[in-house]
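S.K.: how would this look folded up:
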Amino acid sequence: MTDLILVTGAAATDAGAAASIVDVIKEWAKVDSTWQFILVIFGVFAQTLFFGRWIVQLVATEKRGESHMPELFWWMSLAGATMLFTYFLLRGEPVGMLGQSVGWAVYMRNLYHVRKKQQHRAGRSSQ
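M.R.: Modelled structure (predicted):
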């Protein structure tokens with residue numbers, strides 16, 4: 001494996017010795033095409049969304065002073081799992097596909113309960 005030197009701006013005088021940030025990421029992610037690079041960026045975004053749901057949950061819990069899963073948590077779970085499933089499908093990774101697919105039923109069921117509770121509250125408040 002060759003050593004990669006990351007340089008920016010005016011310091012990049014020897015194009016042969018320097019690698020762009022894209023090249024560094026491609027090497028790190030073990031991809032060799034633009035399509036694969038875009039796919040890795042998509043996967044990182046998907047994972048960030050999927051992880052971000054825990055930040056949403058933490059903020060909601062701290063705000064209430066008790067454990068709480070807001071509706072946004074379940075939407076982010078569903079969107080993140082769908083994106084990650086797509087990423088794993090396009091990368092041909094069946095273990096990741098399986099891992100993300102089983103959560104959908106849980107996320108959908110929780111969204112169903114959230115909506116049901118909202119409709120129940122709306123029905124009570126209009127009486």
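S.K.: Every contact and neighbour count from this point should use C-alpha atoms.
M.R.: Noted.
S.K.: all helices for this structure, in order.
M.R.: 21-29, 34-64, 71-91, 94-101, 103-125 (DSSP state H).
S.K.: okay, those helices, which one's buried deepest?
M.R.: Counting by mean count of other C-alpha atoms under 10 Å, helix 71-91 has the highest mean neighbour count of the helices of the chain, with a mean of 20.
S.K.: any chance of the helices of the chain in CSV, plus mean pLDDT?
M.R.: Formatted as CSV, the helices of the chain follow (pLDDT from 0 to 100):
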stretch, mean pLDDT
helix 21-29, 87
helix 34-64, 96
helix 71-91, 97
helix 94-101, 95
helix 103-125, 92
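S.K.: Would you map out the domains in the chain?
M.R.: 1-30, 32-125 (automatic domain parsing).
S.K.: From D32, how far off is G99?
M.R.: Look at G99 and D32: by C-alpha to C-alpha, to the nearest Å, they are 26 Å apart.
S.K.: Hmm, I typed the wrong one, I wanted V95.
M.R.: In terms of C-alpha to C-alpha, V95 sits 23 Å off from D32.
S.K.: Next: L111.
M.R.: 40 Å.
S.K.: What of A81?
M.R.: 26 Å.
S.K.: for W75, same thing?
M.R.: Distance from W75 to D32, by C-alpha to C-alpha: 33 Å.
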